[in-house]
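K.L.:
requesting a structural model of the entry that follows:
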Amino acid sequence: MKLYVTDLEGVQHEIEAMPNWTVMEIIRDGDQPMRAECGGSCACATCHVYVAQEWLAKLPPMEDEERGTLDGGFEVEPNSRLSCQLIMTPDLDGLKVTLTNDSSN
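P.N.:
Model (predicted):
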């Protein structure tokens, strides 16, 4: 499976994605800058990413906890998600996300 991550300079990186890992873990394991200060416990917005529009409908709905945590992020858009809350499955093979100022080191 593949995950495509666009960095703050607009360069897209193809990362091998492990099933059942969070998108946050895959990004960090793929040597991309990902602060993720809370380690994936949905307590900060430092793994905030923008999801490509064509993928939004394929993602599980956002839970209240994620929505509340995202409220503490910067430059939150309708396609914003916390990458720690997105679990990579075969249905998400090819998922495209863009790093944000919140998430990048």
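
K.L.:
C-alpha only now, for contacts and for neighbours.
P.N.:
Noted.

K.L.:
can you give me the helices in the protein?
P.N.:
Assigned by DSSP state H, the chain shows helices spanning 23-29, 64-70.

K.L.:
tell me which of these lies nearest to residue 3.
P.N.:
Closest to residue 3 of the helices of the chain, according to Cα to Cα: helix 23-29, at 8.0 Å.

K.L.:
re earlier: tell me which of the helices of the chain is the most buried.
P.N.:
Ranked by mean neighbour count, the helices of the chain are led by helix 23-29 with a mean of 22 (mean count of other Cα atoms under 10 Å).

K.L.:
packing partners for it?
P.N.:
Counting contacts by 3 or more Cα pairs under 8 Å, 6 or more residues apart in numbering; DSSP states H and E, helix 23-29 packs against strand 12-16.

K.L.:
for residue 2, see how far away the residue nearest to residue 102 when sequence neighbours are not counted is.
P.N.:
Nearest non-adjacent residue to residue 102, counting by Cα to Cα, 6 or more residues apart in numbering: residue 46, 5.0 Å away. Between residue 46 and residue 2 the computed distance is 22 Å (Cα to Cα, to the nearest Å).

K.L.:
which one of those two has more residues nearby?
P.N.:
residue 46 (29 against 19; other Cα atoms under 10 Å).

K.L.:
surely that one meets residue 39?
P.N.:
No: if you go by Cα atoms under 8 Å, residue 46 and residue 39 don't touch, sitting 9.4 Å apart.

K.L.:
residue contacts, residue 89?
P.N.:
By Cα atoms under 8 Å, 6 or more residues apart in numbering, the contact set of residue 89 is 19, 20.
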